[in-house]
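Participant: predicted coordinates and the sequence they were generated for:
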Amino acid sequence: VIGAGPSGLVAAKHLRDVGYTVTILERSSKVGGTFVHKAYDDARLVSSKYLTAFSDLRSPTTAADHMSLPEYVAYLEEYCDRQELWSLMRFGT
C-alpha cells in the first residue's frame, strides 16, 4: 500500500484482514499523509468528526466537531494502535 494517510491505513487493514501480506510504504516519518504535510497549522477538517470517523473506531468525544489536524493525526495514530498497523509500515521509503 502506498501512503499512510487515511485511505492507505484502511486499505492495509482490510487487505490484511482477508489474508494478504501487507506493507505500507510511507515517504515521510509519520502517518497522516496530506493532513500532515500539505496543510497549514490552523487547518481543520471540513467534514465533522461524525462523518470522518472510520466504522471501526469512533472519533474521540473530546475532539472538536471539526477536528484540528493534530487531533485528526492523533486519531489516525490511535487507529494504527488499535488495528496493529505499525508493524506493517516502512517509513522514509
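Facilitator: Now that the structure is in, tell me what you want to look at.

Participant: where in the protein is pLDDT low?
Facilitator: Counting by pLDDT under 70, the chain contains low-confidence residues at 39.

Participant: ranges for the helices of it?
Facilitator: Here the chain has its helices, by DSSP state H, at 6-17, 34-37, 49-52, 69-83.

Participant: of all these, which one comes closest to residue 93?
Facilitator: In terms of Cβ to Cβ, the element of the helices of the chain nearest to residue 93 is helix 6-17, at 12.6 Å. C-beta here means a position set from N, CA and C on the backbone, and glycine is covered the same way.

Participant: quick one: the closest one to chain centroid distance?
Facilitator: Computed by Cα atoms, centre = their mean, to the nearest Å, the chain-centroid distance of helix 6-17 equals 10 Å.

Participant: list the contacts of that helix.
Facilitator: Contacting residues not belonging to helix 6-17 are listed as 1-2, 22, 24, 26, 31, 33, 35, 54, 76, 79-80, 83, 85, 88 [Cβ atoms under 8 Å, 6 or more residues apart in numbering].

Participant: what's the most distant pair in these?
Facilitator: Maximum pairwise distance among these (Cβ to Cβ): 21.2 Å, between 22 and 35.

Participant: settle it for me: which of the two has more neighbours?
Facilitator: Per other Cβ atoms under 10 Å, whichever of residue 22 and residue 35 has more neighbours is residue 35, with 19 against 16.

Participant: which residues does that one contact?
Facilitator: Neighbour list for residue 35: 5, 6, 69, 72, 73, 76 [criterion: Cβ under 8 Å, 6+ apart].

Participant: mind running it again at 10 Å?
Facilitator: The contact partners of residue 35, by Cβ atoms under 10 Å, 6 or more residues apart in numbering, come to 5, 6, 43, 45, 67, 69, 70, 72, 73, 75, 76.
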